[in-house]
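**Q** Next come a sequence and a model predicted from it.
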Amino acid sequence: MDGRLQVFAGNGSQKLAEDIMGVLEAPLGRAVVGQWRDGETRIKLEENVRGSDVFIIQSMSHPVNHHIMELLIMIDAIRRASAARVTAVIPYFAYAKQEKKTSGREPISASLLANLLGTTGVHRILTLDLHSPAIEGFFDIPVDHLRATPLLASEFRDLGLDNLVAVSPDAGGVARAEEFRLRAGASLAIASKKRPTPDKAEVLEVVGDVEGKTAVIVEDMISTGDTLVKCAEKLTERGASKIYACAVHPVFANGAMDVIERSTIEKVWVTDTLPLDVAPGNDRVKVLTVAPLLAEAIMRIHKDLSISALFL
């Protein structure tokens with residue numbers, strides 16, 4: 001790209017965007033991102049973006065639908081202001097668990113959201129740990145899909161824990177747990193899970209040796225905390241000595257933090273893809289930042305360099 005690099009942020013990722021720009025040693029783009037009195041989203045750019053390579057950082061955090069509209073309207077405003085290229089940086093992609101129909105008369109909401117983004121004319125998507133990699137196929141534009149598992153694994157490797165076992169809470173997360181295992185120097189166990197209802201999980205069995213070991217449940221997101229807690233209960237039954245958990249996206253739906261604090265999980269590591277207020281003195285949750293990873297990816301995209309090289 002010959003155009004200058006400019007970065008803007010929606011209200012879903014203000015703090016993370018500031019941290020990213022701190023790494024890039026550049027100012028965040030000035031824009032009005034708010035609401036009109038009737039509740040409609042108001043966007044106004046306060047900088048010239050003509051011919052620029054523009055990145056919009058916006059996590060689809062609570063309130064989800066409002067932040068999606070902010071992102072869509074920001075893309076439209078920047079496209080109409082004659083930016084040369086627009087990249088949507090979406091640390092947390094909402095509706096990702098609705099990537100397929102599980103019964104009749106259901107939508108595929110992740111596909112709908114991808115179509116909405118494509119309709120705005122955005123040129124590419126940069127995101128982190130999609131719940132299902134198949135979502136990339138819903139887009140007809142380039143998608144750079146980053147992984148934060150190496151960041152989490154590095155944290156546990158530095159702790160130097162003995163007899164570490166990475167636990168996938170379901171079959172769908174085996175690849176993630178395997179990558180964590182290789183990078184952290186751990187063994188692997190897999191839990192078998194079923195869902196009687198969409199937001200309830202039942203762990204049937206754990207395959208792998210966890211007795212006397214330090215178990216780390218490796219997730220992509222923590223929503224209600226139900227899967228995490230049920231898996232921890234099964235690991236306790238199987239004789240795990242300590243139980244930790246890590247996840248990329250701390251969704252933490254209403255009451256999830258309380259559910260985890262009442263469980264046998266000693267500590268949870270998450271990242272800042274979503275805003276999370278951890279009360280002072282709360283040592284049960286540790287937040288790691290993905291700002292350096294996203295900053296490096298933004299710079300590589302701007303300079304047309306390889307993103308895959310980040311994970312070699």
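**A** Looks like it came in fine.

**Q** got any ranges where the stretch 151-300 of the chain has weak pLDDT?
**A** Along the stretch 151-300 of the chain, the model assigns pLDDT under 70 to residues 195-201, 203.

**Q** need the helices for it, in chain order.
**A** With DSSP state H, counting those that start in this stretch as the criterion, the stretch 151-300 of the chain has helices at 174-184, 226-237, 256-261, 291-302.

**Q** T102: which of those is closest?
**A** Proximity to T102 (Cβ to Cβ) singles out helix 226-237 among the helices of the stretch 151-300 of the chain, at 15.8 Å. Using the backbone N, CA and C atoms, a C-beta is placed for each residue, glycine as well.

**Q** Give me the packing partners of that closest one, helices and strands only.
**A** Other helices and strands packing on helix 226-237, by 3 or more Cβ pairs under 8 Å, 6 or more residues apart in numbering; DSSP states H and E, are strand 187-197, strand 200-207, strand 214-222, strand 242-250, helix 256-261.

**Q** Pull out the buried residues from it.
**A** 226-232, 234-236 (16 or more other Cβ atoms under 10 Å).

**Q** Stretch 124-135 now?
**A** Under the neighbour-count criterion of 16+ other Cβ under 10 Å, stretch 124-135 has 124-132, 135 buried.

**Q** now do stretch 109-128
**A** Neighbour-count burial for stretch 109-128 flags 110-111, 113-114, 117, 120, 122-128 (criterion: 16+ other Cβ under 10 Å).

**Q** What of stretch 74-82?
**A** Of the residues in stretch 74-82, 74-79 count as buried by neighbour count, 16+ other Cβ under 10 Å.

**Q** ok so, going back, can you redo the helices and strands packed on helix 226-237 as TSV with distance to V54 and mean neighbour count?
**A** Listed next are the helices and strands packed on helix 226-237 as TSV, based on distance: least, Cβ to Cβ, whole Å; neighbours: other Cβ atoms under 10 Å:
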stretch	distance to V54	mean neighbour count
strand 187-197	40	16
strand 200-207	40	15
strand 214-222	28	25
strand 242-250	25	24
helix 256-261	35	17
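
**Q** Okay, and the beta partners of the closest residue to L276 other than its chain neighbours?
**A** Spatial nearest neighbour of L276, excluding adjacent residues (Cβ to Cβ, 6 or more residues apart in numbering): P250 at 4.8 Å. With DSSP bridges as the criterion, the beta-bridge partners of P250 are I222.

**Q** can you tell me how far P250 sits from Y92?
**A** Note on P250: its distance to Y92, by Cβ to Cβ, to the nearest Å, is 9 Å.

**Q** Now the common contact residues for the two.
**A** Common contacts of P250 and Y92, defined by Cβ atoms under 8 Å, 6 or more residues apart in numbering, comprise 221, 273-274.

**Q** picking that back up, any chance of the helices and strands packed on helix 226-237 in a markdown table, plus distance to S306?
**A** Compiled in a markdown table, those are given as follows (distance: least, Cβ to Cβ, whole Å):
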| stretch | distance to S306 |
| --- | --- |
| strand 187-197 | 29 |
| strand 200-207 | 36 |
| strand 214-222 | 24 |
| strand 242-250 | 22 |
| helix 256-261 | 37 |
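
**Q** Now do the same for N65: helix, strand or coil?
**A** helix (DSSP: H, G, I helix; E, B strand; the rest coil).

**Q** what's around it, how many residues?
**A** Counted with other Cβ atoms under 10 Å, the neighbours of N65 add up to 11.

**Q** In contact with it, which residues are there?
**A** Shown in contact with N65 (Cβ under 8 Å, 6+ apart): no residues.

**Q** Repeat that for the one 3 residues further on.
**A** Residues near I68 by Cβ under 8 Å, 6+ apart: 60, 94, 113, 116.

**Q** Just say helix, strand or coil for the second one.
**A** Translated: A94. Following three-state DSSP, the label given to A94 is coil.

**Q** excluding its backbone neighbours, what's nearest it?
**A** M60 (3.5 Å).

**Q** Format the buried residues of stretch 74-82 as a markdown table; extra columns: pLDDT and distance to T102.
**A** Supplementary listing: these in a markdown table, determined by pLDDT from 0 to 100; distance: Cβ to Cβ, whole Å:
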| residue | pLDDT | distance to T102 |
| --- | --- | --- |
| M74 | 98 | 32 |
| I75 | 98 | 30 |
| D76 | 98 | 33 |
| A77 | 98 | 36 |
| I78 | 98 | 36 |
| R79 | 98 | 35 |
